[in-house]
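> Quick one, structure for this:
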Amino acid sequence: QVQLVESGGGLVQPGGSLSLSCAASGSIPSIINMGWYRQVPGNHRELVATISSDGVPRYGDSVNGRFTVSRDNAKNTVWLQMNNLKPEDTAIYYCNIEVDGAEMGYVDGFLLPYWGQGTQVTVSS
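Residues are numbered from 1 along each chain as shown. Coordinates of the predicted model:
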């Protein structure tokens with residue numbers, strides 16, 4: 001089993017900063033991608049940022065230039081530094097990892113996703 005434990009989040013004023021972290025534990029196959037998605041009730045879950053095992057980041061258009069994603073492969077941990085937060089960043093943020101499915105009997109190239117329980121980020125004055 002794979003467990004994802006998220007921390008961080010909370011309430012911050014517009015223009016402020018917050019940091020999220022997510023640690024993966026358990027019987028973990030090779031983690032290919034790690035990152036964050038967010039969801040507002042009634043909307044689809046959207047990409048915030050992901051980072052590959054070799055350190056290549058990818059950002060959603062709305063956060064590019066304000067958020068930074070990083071990871072420590074040895075610790076199976078991913079972080080999200082959020083700066084210049086805006087009210088529209090308010091959402092539940094979910095940690096996501098994608099592991100090598102071939103190590104679990106799936107076909108080569110299949111990425112098996114796991115999700116954290118979510119943490120609330122509220123940006124409000």
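
> Ramachandran angles for the spatially most central residue of the chain?
With distances taken as C-alpha atoms, centre = their mean, residue 36 lies nearest the centre of the chain, 1.9 Å away. The phi and psi torsions at residue 36 (degrees, to the nearest 10) take the values phi -140, psi 140.

> Quick check: it vs residue 2, distance?
Separation of residue 36 from residue 2 (C-beta to C-beta, to the nearest Å): 17 Å. Where you see a C-beta, it was placed from the backbone N, CA and C, and this is true even at glycine.

> out of everything not next to it in sequence, what's closest to the residue nearest to the centre of the chain?
Spatial nearest neighbour of residue 36, chain neighbours left out: residue 48 (4.2 Å); criterion: C-beta to C-beta, 6 or more residues apart in numbering.

> what about that neighbour, how many neighbours?
25 (other C-beta atoms under 10 Å).

> again, but for residue 87
Residue 87 has 11 nearby residues by other C-beta under 10 Å.

> Leaving out the residues flanking it, which one is nearest to it?
Nearest non-adjacent residue to residue 87, counting by C-beta to C-beta, 6+ apart: residue 123, 5.0 Å away.

> Pretty sure the one you found sits against residue 14.
Yes. In this structure, residue 123 is within contact of residue 14 by C-beta atoms under 8 Å, at 5.8 Å.

> Of those two, give the one with the bigger neighbour count.
Neighbour tally, residue 123 and residue 14, criterion other C-beta under 10 Å: the higher count belongs to residue 123, 19 against 13.

> ok, that one - contacts?
Applying C-beta atoms under 8 Å, 6 or more residues apart in numbering to residue 123 gives the contacts 11-14, 16, 85-90.
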